[in-house]
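Q: Fold the stuff below for me.
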Amino acid sequence: MGCMLCPRQCGADRRKQRGFCGETERIRVARAALHMWEEPCISGREGSGTIFFTGCNLRCVYCQNHTLSRSEVGKEITVMRLSEIMIELQEKGANNINLVTGSHYVPQIVEALDLAREKGLHLPIVYNCGGYESIESLRMLQGYVDIYLPDFKYWEEESGRKYSLASDYPKVAKAAVDEMVRQVGAAEFTPSGLMKKGVIVRHLLLPGKVKEAQEIVRYLHGKYGDRIYLSLMNQYTPLPSLDKEMYPELNRRVTTYEYDKLVNYAIDTGVNCAFIQEGKTAKESFIPPFTLEGV
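A: Down below sits the predicted model:
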C-alpha cells in the first residue's frame with residue numbers, strides 16, 4: 001500500500017522502496033541520548049530523552065541536521081527495540097521522551113509507545129517535528145503525545161517552495177498547529193518548571209526574513225494567545241552543505257539587529273509566553289553528533 005502518512009502523499013510502497021522521506025518502513029535511528037539543548041522547560045537539568053529518527057519529509061536547503069534528514073546516518077531497529085530505548089532513557093533520568101522527526105514512522109511509534117507503557121513508561125512524550133504534518137497522522141498520536149514541539153518555518157508559499165520544496169508549507173503548518181492545540185490544550189507545568197503538556201511553536205529566523213517571521217508571530221499570537229508558547233531562535237548557521245551560489249542570501253548568520261527587531265515585535269504584539277535566545281548561539285555546537293549513541 002502506498003504511503004500517505006505525510007502531506008507529500010508520495011504513495012511509495014515503503015515495504016519495498018524508500019519514500020520521499022528517504023526511508024523504508026523499517027525504523028532507523030541515529031541517536032538516543034539525554035539532550036540539554038532544548039527549551040528549558042523541556043531539557044530541565046537532567047536533559048530531554050531525545051530519539052533522532054533518520055529521514056525527513058522536507059528538503060530544507062539549509063538543514064542543520066542534513067546528514068540525518070538525508071538518510072546518510074542511522075541504524076535499523078525494531079519496534080521492540082524502540083520501546084526498550086524509551087525505557088532506557090527513562091532509567092537514565094530523562095525528563096521526557098523526545099521523538100525528533102518521526103513523521104514517517106508514526107504507526108511504528110504508536111506501537112512502540114504501547115509496548116513501552118506496558119513496561120512502565122510514564123514520562124511525557126514530546127513530538128518534535130518540522131511542522132509539515134498531516135492531520136490524519138497527528139490524530140493517530142492523540143492520547144500518546146503530551147507536548148507538541150513543531151516548527152513554523154515560513155509564512156510565504158514561495159519561501160516554502162524555494163527552501164524546502166513545499167509551497168503548501170504555510171497552509172499545512174497552520175492546520176497542523178491547530179490540531180496539536182486541539183489535542184493537548186493550554187500549557188501545564190510541574191512545580192519545578194518542566195512542561196507536562198502543551199504546544200511550543202519554534203521559528204528559526206533566517207537571514208533577511210524578519211518580515212516573514214513577524215507575520216508568523218502575529219498569526220500565532222492572534223489565534224492562540226497565551227495558550228501556546230513561541231520559541232524564537234537566532235541560531236541559524238550556514239553550513240558547508242549549503243549551496244552558496246544558489247542561495248547566497250542564506251550564506252550569513254542572522255544579525256543582532258534582525259533578531260532584536262523580531263523579539264521587539266513579539267513584545268509589542270503582546271506575546272507573553274515565549275522563549276528567546278541570548279548570546280552567541282549561532283554555532284554548530286547545537287548539532288549533536290549522530291554516532292548511534294544509545295541505539
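
Q: how near is G294 to L5?
A: In this view, G294 and L5 are 25 Å apart by Cβ to Cβ, to the nearest Å. (Each C-beta comes from the backbone N, C-alpha and C, glycine too.)

Q: okay, the two: which has more neighbours?
A: L5 (21 against 18; other Cβ atoms under 10 Å).

Q: Grab the nearest non-local neighbour of F20.
A: Leaving aside its chain neighbours, F20 sits nearest to C10 (4.1 Å; criterion: Cβ to Cβ, 6 or more residues apart in numbering).

Q: Also R202?
A: The shortest distance from R202 to any non-neighbouring residue, by Cβ to Cβ, 6+ apart, is to S231 (4.4 Å).

Q: in its sheet, what does the helix or strand hosting the one you found sit against?
A: If you go by DSSP states H and E, S231 is part of strand 229-233. If you go by DSSP bridges, strand 229-233 pairs up with strand 195-204 (parallel), strand 274-276 (parallel).

Q: Show me how far the longest one is from its chain's centre.
A: Averaging C-alpha positions (Cα atoms, centre = their mean, to the nearest Å) puts strand 195-204 10 Å from its chain's average.

Q: for the helix or strand following it, packing partners?
A: Next helix or strand after strand 195-204 toward the C-terminus (DSSP H and E): helix 210-224. Other helices and strands packing on helix 210-224, by 3 or more Cβ pairs under 8 Å, 6 or more residues apart in numbering; DSSP states H and E, are helix 169-184, strand 195-204, strand 229-233, helix 256-269.

Q: and helix 210-224, which residues are buried?
A: By neighbour count on 16 or more other Cβ atoms under 10 Å, the buried set for helix 210-224 is V210, E212, A213, Q214, E215, I216, V217, L220, H221, Y224.

Q: Same check on stretch 288-295?
A: Residues of stretch 288-295 classed as buried: P288, F290, G294, V295 (neighbour count, 16+ other Cβ under 10 Å).

Q: List the contacts of that stretch.
A: Residues outside stretch 288-295 that contact it (Cβ atoms under 8 Å, 6 or more residues apart in numbering) are 29-33, 35, 37, 50, 52, 65, 67-68, 73-75, 77, 85, 88-89.

Q: I figured A213 hits P207, correct?
A: No. Contact criterion Cβ atoms under 8 Å: A213 and P207 do not qualify, at 11.0 Å.

Q: No further queries at this time; thank you.
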